[in-house]
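S.K.: Just the structure for this:
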Amino acid sequence: MISILFPPWHESSNIGRLRINHIWKVIHIRIVVWANIPAMKKLRVRLAKKLKELKGSETQAAFSRRLGIGQASLNRILNKEQSVSLDMLELIADSLKVDVVDHLR
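M.R.: I've put the predicted structure just below:
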């Protein structure tokens with residue numbers, strides 16, 4: 001959730017409404033653009049595919065424990081619904097005994 005504090009102005013002021021509309025559009029555009037960066041989606045898809053391969057027939061509960069992350073987070077990652085922070089990526093890589101840098105191209 002994003003909280004934005006606006007300076008006070010009279011509610012019937014058209015300038016105030018325009019300012020809110022403009023600020024909201026800028027914030028919305030920045031969020032939408034960041035969420036739709038093709039490289040981020042590509043990495044999310046590659047990570048999900050690799051984790052599914054490594055998981056094999058292991059249950060999500062067991063695999064998430066082995067990775068050191070929550071089952072709900074693993075589920076969202078596998079379904080490409082969650083971005084992974086660098087800290088979480090490092091945790092996963094350490095759990096799998098791989099070096100993330102070795103897998104960059």
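S.K.: list the buried ones in stretch 71-85?
M.R.: 74, 77-78, 82-84 (16 or more other Cβ atoms under 10 Å). C-beta: built from backbone N, CA, C; applies to glycine.
S.K.: Including secondary structure, could the residues you listed go into CSV?
M.R.: What follows is the buried residues of stretch 71-85, written out as CSV (DSSP: H, G, I helix; E, B strand; the rest coil):
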residue, secondary structure
Leu74, helix
Ile77, helix
Leu78, helix
Gln82, coil
Ser83, coil
Val84, coil
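S.K.: Flag whichever of those residues scores worst on pLDDT.
M.R.: Note: of these, the lowest pLDDT belongs to Ser83, at 86.
S.K.: got the phi/psi numbers for it?
M.R.: phi -80, psi 150 (degrees, to the nearest 10).
S.K.: That one reaches Arg44, doesn't it?
M.R.: Yes. When contacts are counted by Cβ atoms under 8 Å, Ser83 is listed as touching Arg44 (6.5 Å).
S.K.: quick one on the thing from earlier: with respect to Ala61, which of the buried residues of stretch 71-85 is nearest?
M.R.: Here the nearest of those to Ala61, counting by Cβ to Cβ, is Leu74; it sits at 8.8 Å.
S.K.: For Val101, see how far away that closest one is.
M.R.: To Val101, Leu74 is 23 Å away according to Cβ to Cβ, to the nearest Å.
S.K.: Please give me every residue in contact with Met88.
M.R.: 69, 73 (Cβ atoms under 8 Å, 6 or more residues apart in numbering).
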